[in-house]
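Student: coords please:
(one chain, ligands or ions: 1)
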Amino acid sequence: MESSDDRLKVAVNIRPLTALELRNGCTDCVTVTPSKAQVQIGSHVFTYDYVYGSSGSQPSQLFEECVVPLVDTLLCGYNATVLAYGQTGSGKSYTMGTNYHGEANDGAITHRVMEKIFEKVDKLRDEREFLIRVSFVEIFKDEVFDLLDQHDDGQVMRTGRGLQRVPIKIREKALGDITLAGVNEPVVKSKGEMALFLARGSLNRATASTRMNSHSSRSHAIFTICIEQKRKTSSSHSDCGDLLVSKLRLVDLAGSERVKRTGSDGLMFKEGIHINKGLLALGNVISALGDEKKRKKGAFVPYRDSKLTRLLQDSLGGNGKTIMIACISPADSNAKETINTLQYANRARNIQNKAVINRNPVPAEMQAQLHLAPSGNTSLEETQVSGVAESKAPYIILSSDSESDCGYIILSDTEPISADHEMDKYIEISDDDVEF
Ligand SMILES: Nc1ncnc2c1ncn2[C@@H]1O[C@H](COP(=O)(O)OP(=O)(O)OP(=O)(O)O)[C@@H](O)[C@H]1O
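Tutor: Numbering: from 1, shown residues only. All right, here's what the predicted structure looks like:
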């Protein structure tokens, strides 16, 4: 069963000027026309599904309007994704709450999602059985790491910057379903337990202090909540034996950055290259999917260019409902990056997903096994829809011209490039301070 209106929705979230921006004399250069969900910066005007902050809607409404509908569909068996995108320091982690260290952050999306899910599940327990699991991974330098990995002694494995961690392998099942081999997926029974795993994973996440953000995320983080549910046998429904398996992914992307402005050098400079490279691949996927004419002709979608795009394959043009939250700073000093974010997000609005209910008729003995295995990879294969074919699409390149100051993403309709293609050409090479 396909659901109606599966277009990827885009919300823009404008944070206030930070204390640092105010101290530096920055002014607000973003104007919002709330009645049209329009954002204007200089001569550029963009329209979205929602705009929060500044003179747009109250940021507190973001959760109710954008995320609650996804939680509702999750419990109906659909996959869903909330994807935060934006320049470094634009408020992605603040909005998502995926850098959680135990402090109260009631407004953050992840926390409110946990609350909402258990509120709804508790109401449905009389008629359905639930198995809820979480996983938390980061993509750091184009490798996937399990943030819930532990040492043998049960201690949380902290991310020493030089510490050797074993990357997780991505596997593709017969129907195109992407899985992570051996990732920890603990079963959780309450919001408190879920929050504990979120905090544990956040401790392991790679962050560093840059000129643009004292707690800058150096990785893309994906917190996934997987819900398996089955109607109790006493139910009169004909589908009582079916198992619904759906996933909500909460994605906090690392920020796009210009090396000159973040002041990154050495290891952090290389991290910046990987961050931009993953975002470049994501931009290419968004461009390929966002052009309606070319999509209809069966445009080639370069999902395989990075681990990030492989993992998000379902969320972008695949089986699931997705909202992108484009986070922006209103400061005039960030105007170029803000325009880039707004362009990126605007193109994403054209992406059409094909969400289906993930229903598996499960024989009774399999169901029994499922409930005996508390944390293994027990979910059955889900129905997937992913169309990949040949054609040209508009591409995104990283600017390397001196006028635009390098290292951030601009749109190009003419120049396709691979994410592995001579990245040095495209990413910040003009900074004299940087040594390889
Ligand atoms: N809506 C907001 N209201 C008040 N402060 C905010 C808001 N959004 C972000 N901030 C502040 O802005 C700073 C940067 O936010 P945050 O770390 O979330 O950015 P980010 O986009 O995740 O950056 P990076 O990509 O470098 O990790 C933080 O000090 C945060 O507290």
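
Student: sec struct for the nearest residue to residue 148 once chain neighbours are set aside, please.
Tutor: Excluding the flanking residues, the one nearest residue 148 by CB to CB, 6 or more residues apart in numbering is residue 184, at 4.2 Å. Bear in mind the C-beta positions are built from the backbone N, C-alpha and C, glycine included. Following DSSP: H, G, I helix; E, B strand; the rest coil, residue 184 is assigned to coil.

Student: shift numbering so it begins at 247
Tutor: Got it, first residue is 247 now, which makes that one residue 430.

Student: residue 430 and residue 379 touch, don't they?
Tutor: No: using CB atoms under 8 Å, residue 430 is not in contact with residue 379, being 9.4 Å away.

Student: what about the residue nearest to residue 394, how many residues close to it?
Tutor: 19 (other CB atoms under 10 Å).

Student: need the pLDDT of it.
Tutor: Listed pLDDT for residue 430 reads 95.

Student: ok, it - contacts?
Tutor: Counting by CB atoms under 8 Å, 6 or more residues apart in numbering, residue 430 touches 381, 392, 394-396, 621.

Student: now a ChimeraX select for only the buried ones of those residues.
Tutor: Selection of buried members from those for ChimeraX, criterion 16 or more other CB atoms under 10 Å:
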select :381,392,394,395
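
Student: next step: the contacts of residue 430 restricted to helices.
Tutor: Per DSSP state H, helices hold no members of the contacts of residue 430.

Student: can you tell me the element residue 489 falls in?
Tutor: strand 488-498 (DSSP states H and E).

Student: run me through the strand neighbours of that strand, direction for each.
Tutor: When sheet partners are counted by DSSP bridges, strand 488-498 sits next to strand 326-332 (parallel), strand 466-477 (antiparallel), strand 605-607 (antiparallel).

Student: most neighbours per residue, which of these?
Tutor: strand 326-332 (a mean of 26; mean count of other CB atoms under 10 Å).

Student: got the residues of the stretch 497-646 of the chain near the ligand?
Tutor: Neighbours of the ligand within the stretch 497-646 of the chain, by CB under 6 Å from any ligand atom: 500-501, 573.

Student: repeat the analysis, applying 5 Å as the threshold.
Tutor: Residues of the stretch 497-646 of the chain found near the ligand (CB under 5 Å from any ligand atom) are residue 501.

Student: any chance of the strands paired with strand 488-498 in TSV with mean pLDDT as columns?
Tutor: Formatted as TSV, these follow (pLDDT from 0 to 100):
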stretch	mean pLDDT
strand 326-332	94
strand 466-477	94
strand 605-607	72
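
Student: any chance of JSON lines for these, columns distance to residue 556?
Tutor: Converted to JSON lines, those look like this (distance: least, CB to CB, whole Å):
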{"stretch": "strand 326-332", "distance to residue 556": "14"}
{"stretch": "strand 466-477", "distance to residue 556": "12"}
{"stretch": "strand 605-607", "distance to residue 556": "23"}
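
Student: surely residue 520 is in a helix?
Tutor: Yes: counting by three-state DSSP, residue 520 falls inside a helix.

Student: can you get me a residue count around the residue nearest to it when sequence neighbours are not counted?
Tutor: Distances taken as CB to CB, 6+ apart put residue 387 closest to residue 520, at 4.3 Å, once the chain neighbours are dropped. If you count neighbours by other CB under 10 Å, residue 387 ends up with 18.
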